[in-house]
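In: from the sequence below, what's the structure:
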Amino acid sequence: MTASPQVNETEGRPVVGRPGAVLFTVCAALFLVVVDVTVLHVAAPRIAEELSPSPTEFLWIVDIYPLIMASLMLMAGAASDRFGRKRLLMTGLVIFGLVSIPAAFAATPLMLILARSVMAVGAAMILPATVSLLRVAFPDRAERMRAVGIWSAVSAVGAAIGPLMGGLLVEYFWWGAIFLINVPLALLVLLLVWRLVPESRSQARLVLDGLSVSLSIVAVLTSVLAIKQATHHGIDPAAVGYVVIAGVGLWWFIRRQIGRQRRGIEPLLNVQLFTRAPFTIAVLAVLLAVFSIVGLDLVFAQYLQNFLGFTPIKAALLLTPMAAATVVGSLSAHLIVGRCGTRVAIGAGLGLTASALLPLLTLGHNGQLLVFVGSLAVVGFALDVVLVSANDAIISAVSEDYVGQAAGVEEVAYDLGGGLGIAVLGSVLTATYTAAFDPISGLTDSQLATAQESIRTANDLADATSAPALASQIRIEAHTAFLAGFHTTIVVAIAILAAAAVAAGALLSTKTLPEPAGQDAPDPSA
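Out: Numbering: from 1, shown residues only. Below is the predicted model:
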């Protein structure tokens, strides 16, 4: 990769940077944040054992980090344009690294929750900056596609390594080590950023409007809370309340951005970007790709462990080909876009994902693991081609002055997609399972309700039942109901992905998409 121009912070003149060094550094920062999202999965039981949190406190220990991070993405993206991408990245690394110390030595659940909250603030500063710095470092779109592919592959690897790293640290040290290790790593990445990454910032007169920032945080935060509430408790009054607050906040936010733009004042987010089909379709493609990856991963894990009875380790090994295929998809996306264009990469990628799910409808009680693993590998490959292609389309839709805004939108779509995937596909699986579980003679009403909650609770009930015939009947009914739910969930996912593929093919035009080696996109305020 050749050297690319960077923007000098003080003089606004282009200076020669080292794109390869920038790519390595921002990927290191990304890896640090992504690992911390998943590292808690394995360490959580040990933390619960030693800190003795209440069920609510335990939920907040796990959820507070992604919740705060998602709500700050839009603000952080705009702030990176305004104050400098390198500066915001370094500030985020300092916060992330320093606050990892009190997180590691937290003596109470509240201390850990507060520390994780502040760590999330640092992480929110880091993520959009990594994307926007790639946009600046690689002005040539073909080179940028390769860089974004590597960036996405690092994200996938980091998410996969997180639980493994957490398990090793908890096994050989103590649970606080999963946070304490962030300190030297953050310091190392901070030094790399300081030495290797040139500063860049918007040349436009951007102003961070306090009300707009607050409205964006409220809208995103309550949207995520609504998804989580619906996932755990169904559509109850609390979930409806969150949706109402999110809707009002979003409406007010959009009105304010349009009003500021009409008065000639730079908005926090140029909402007119969403009137451009390439940008909007790309954002929706990111949301749907993550929706599918996260939601289906949850369904597949339940199928392997609760239905087929595999251990967590064996289930994880069977899901490894999907993770490996996502890396291959990330690294291949630039070749596909270069040969076929973004329209085909996104539309065909979504269509291929839907097609790859079809063989899963043939799965029965015998598992057919070869079919399962093969389908998952194709799904992982196709979805990451979509993800990388859409990511590039998003940051290519704006000029360098506004790339932080675009990166913030992409990160919000990523977070909302994951939450919606779990909520929607998980709810379909649960609802179908419950409806398909027929009453069993010999079970009380409370026992039947327990068995109808999930296949896991039904298996537990069968294990606790002293009558072998009744226990066998419970297991058979639970497995039959789960298989019905599994197939229904796959059908829903196929329908959503197929509709998205058709929409992408119909609405995306090669005339409105930048060429693979195209120039900077126009100013979004134009």
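In: where does the stretch 401-526 of the chain dip in pLDDT?
Out: Within the stretch 401-526 of the chain, the ranges that satisfy pLDDT under 70 run 508-526.
In: the helices in it, which residues?
Out: For the stretch 401-526 of the chain, the helices defined by DSSP state H, counting those that start in this stretch cover 403-436, 445-453, 455-464, 468-507.
In: just name the most buried of those.
Out: Compared across those, helix 403-436 shows the largest average neighbour count, a mean of 23 (mean count of other CB atoms under 10 Å). C-beta: built from backbone N, CA, C; applies to glycine.
In: hang on, the earlier thing: would you turn the helices of the stretch 401-526 of the chain into CSV with distance to Glu49?
Out: Shown next, in CSV, are these (distance: least, CB to CB, whole Å):
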stretch, distance to Glu49
helix 403-436, 25
helix 445-453, 25
helix 455-464, 21
helix 468-507, 30
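In: for Leu93, find the nearest of those helices.
Out: Leu93 lies closest to helix 403-436 among the helices of the stretch 401-526 of the chain, at 16.7 Å (CB to CB).
In: any idea of the angle the closest one forms with helix 455-464?
Out: Put simply, helix 403-436 runs at 40 degrees to helix 455-464, going by axes from the mean of the first three to the mean of the last three CA atoms, to 10 degrees.
In: off-centre distance for helix 403-436?
Out: 9 Å (CA atoms, centre = their mean, to the nearest Å).
In: by contact count, what packs against it?
Out: Counting contacts by 3 or more CB pairs under 8 Å, 6 or more residues apart in numbering; DSSP states H and E, helix 403-436 is packed against helix 55-83, helix 109-137, helix 210-233, helix 277-302, helix 369-396, helix 445-453, helix 468-507.
In: quickly list the domain ranges of the protein.
Out: In terms of domains, the chain is parsed into 1-203, 209-267, 277-526 (source: automatic domain parsing).
In: name the nearest residue to Gln194, sequence neighbours excluded.
Out: For the record, residue 194 is Trp, not Gln. Using CB to CB, 6 or more residues apart in numbering and skipping the chain neighbours, the partner closest in space to Trp194 is Met90 (6.7 Å).
In: ok, that neighbour - contacts?
Out: Leu190, Val193, Trp194 (CB atoms under 8 Å, 6 or more residues apart in numbering).
In: just the angle for the helix or strand hosting the first one relative to helix 109-137, thanks.
Out: Translated: Leu190. For Leu190, the enclosing helix or strand under DSSP states H and E is helix 182-196. Here helix 182-196 points in a direction 20 degrees away from that of helix 109-137 (the same axes, to 10 degrees).
In: what's the neighbour count on Leu112?
Out: Neighbours of Leu112 under the rule other CB atoms under 10 Å: 25.
In: cool, and Ala107?
Out: Using other CB under 10 Å: Ala107 sits among 10 other residues.
In: nearest spatial neighbour of it, skipping sequence neighbours?
Out: Leu51 (7.9 Å).
In: what residues are up against that neighbour?
Out: Contacts for Leu51 (CB under 8 Å, 6+ apart) come out as Ala106, Ala107, Thr108, Pro109, Leu112.
In: quickly note the distance from the first one to Val62.
Out: Per CB to CB, to the nearest Å, Ala106 is found 14 Å from Val62.
In: between those two, who's got more neighbours?
Out: Ala106 (22 against 17).
In: wait, doesn't that one sit right on Leu112?
Out: Yes: Ala106 lies in contact with Leu112 (CB atoms under 8 Å); the separation is 3.8 Å.
In: any idea which element Pro267 lies in?
Out: Here Pro267 is assigned to no helix or strand, by DSSP H and E.
In: okay, it: pLDDT?
Out: Pro267 is assigned 77 on the pLDDT scale.
In: measure it to Leu358 for me?
Out: Pro267 is 44 Å from Leu358, where distance means CB to CB.
In: what about the two, which has more around it?
Out: More crowded of Pro267 and Leu358, by other CB under 10 Å: Pro267, with 25 against 12.
In: the more buried one contacts Arg260, correct?
Out: Yes: between Pro267 and Arg260 there is a contact at 4.6 Å, judged by CB under 8 Å.
In: any residues in contact with both of those two?
Out: Contacts common to Pro267 and Arg260, judged by CB under 8 Å, 6+ apart, are Asp209, Ser212.
In: before we move on, the earlier item: can you tell me which of the helices and strands packed on helix 403-436 is nearest to Ala462?
Out: helix 468-507 (4.2 Å).
In: list the helices and strands the closest one packs on?
Out: Judged by 3+ CB pairs under 8 Å, 6+ apart, helix 468-507 is in contact with helix 277-302, helix 342-357, helix 403-436, helix 445-453, helix 455-464.
In: from the middle of its chain, how far away would it be?
Out: Distance of helix 468-507 from the chain centroid (CA atoms, centre = their mean) equals 22 Å.
In: likewise for stretch 251-269?
Out: 27 Å.
In: in PDB, list the C-alpha atoms belonging to that stretch.
Out: Taking Å, rounded to 0.1, in the frame of the first residue of the first chain, the C-alpha atoms of stretch 251-269 are listed here in PDB:
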ATOM      1  CA  TRP A 251     -38.100  12.700  16.300                       C
ATOM      2  CA  TRP A 252     -36.800  15.700  18.400                       C
ATOM      3  CA  PHE A 253     -33.200  14.900  17.400                       C
ATOM      4  CA  ILE A 254     -34.100  14.800  13.600                       C
ATOM      5  CA  ARG A 255     -36.100  18.000  13.900                       C
ATOM      6  CA  ARG A 256     -33.200  19.800  15.600                       C
ATOM      7  CA  GLN A 257     -30.600  18.600  13.000                       C
ATOM      8  CA  ILE A 258     -32.800  19.700  10.100                       C
ATOM      9  CA  GLY A 259     -33.500  23.100  11.800                       C
ATOM     10  CA  ARG A 260     -29.800  23.700  12.500                       C
ATOM     11  CA  GLN A 261     -28.900  22.900   8.900                       C
ATOM     12  CA  ARG A 262     -31.500  25.300   7.500                       C
ATOM     13  CA  ARG A 263     -30.000  28.000   9.600                       C
ATOM     14  CA  GLY A 264     -26.600  27.300   8.200                       C
ATOM     15  CA  ILE A 265     -25.300  25.700  11.400                       C
ATOM     16  CA  GLU A 266     -23.500  22.400  11.200                       C
ATOM     17  CA  PRO A 267     -25.600  19.600  12.800                       C
ATOM     18  CA  LEU A 268     -24.400  16.800  15.000                       C
ATOM     19  CA  LEU A 269     -25.500  14.400  12.300                       C
END
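In: and the contacts of Leu51, which is closest to Leu40?
Out: Taking these together and measuring to Leu40 by CB to CB, the closest member is Leu112, at 10.1 Å.
In: list the contacts of the closest one.
Out: Residues in contact with Leu112 (CB under 8 Å, 6+ apart) are Ile47, Leu51, Ile61, Ala103, Ala106.
In: select, from these, the two members most distant in space.
Out: Every pair of these checked by CB to CB; the farthest is Leu51 and Ala103, at 11.7 Å.
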